[in-house]
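> dropping a prediction and its sequence here:
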Amino acid sequence: MPENRPPPTSSGSLWRTVLKTLCTVGLTALLISLLREGLSLLPWVDRQTGQHIGASVLQVLAADGNASQQQMIAAGLMVLCFLLAIVLVRWGERLLDRRH
């Protein structure tokens, strides 16, 4: 049963929005950094496993040297990281709301 809580004040709502925005931006930057590090590990994974999956992924991302395709792929990956960050922040917000 939901509790009867007073609605948040406008200043509390503003601070919560600012906090969520900062968390989303920070988490997006972290996810992009992790993606870059993960991609740099693909050749090592290929050497360890004897497979060529990592090389195939890097070849697709290289887009045969086509700069505009590379930019589109990079932008798509950034948008994907941003969307994942939004989902994670909303999930975290719901977890925190349940605790209180």
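Nice, I can see it.
> please count neighbours and contacts with C-alpha atoms only from this point.
Fine.
> the spatially most central residue of the chain and Gly50, how far apart?
Centroid check for the chain by CA atoms, centre = their mean gives Cys81 as the closest residue, at 2.9 Å. Applying CA to CA, to the nearest Å, the value for Cys81 to Gly50 is 29 Å.
> mind listing what's buried in the longest helix anywhere in the chain?
Longest helix in the chain, counting residues (DSSP state H): helix 67-99. Using 16 or more other CA atoms under 10 Å as the test for burial, helix 67-99 gives Gln70, Ile73, Met78, Cys81, Phe82, Leu84, Ala85, Ile86, Val89.
> settle this for me: the first one is touching Leu58, isn't it.
I take that to be Gln70. No - if you go by CA atoms under 8 Å, Gln70 and Leu58 don't touch, sitting 11.1 Å apart.
> helices and strands around the helix or strand of the chain with the lowest mean pLDDT, which ones?
Within the chain, judged by mean pLDDT, DSSP states H and E, the helix or strand with the poorest mean is helix 53-62; its value is a mean of 90. Judged by 3 or more CA pairs under 8 Å, 6 or more residues apart in numbering; DSSP states H and E, helix 53-62 is in contact with helix 42-49, helix 67-99.
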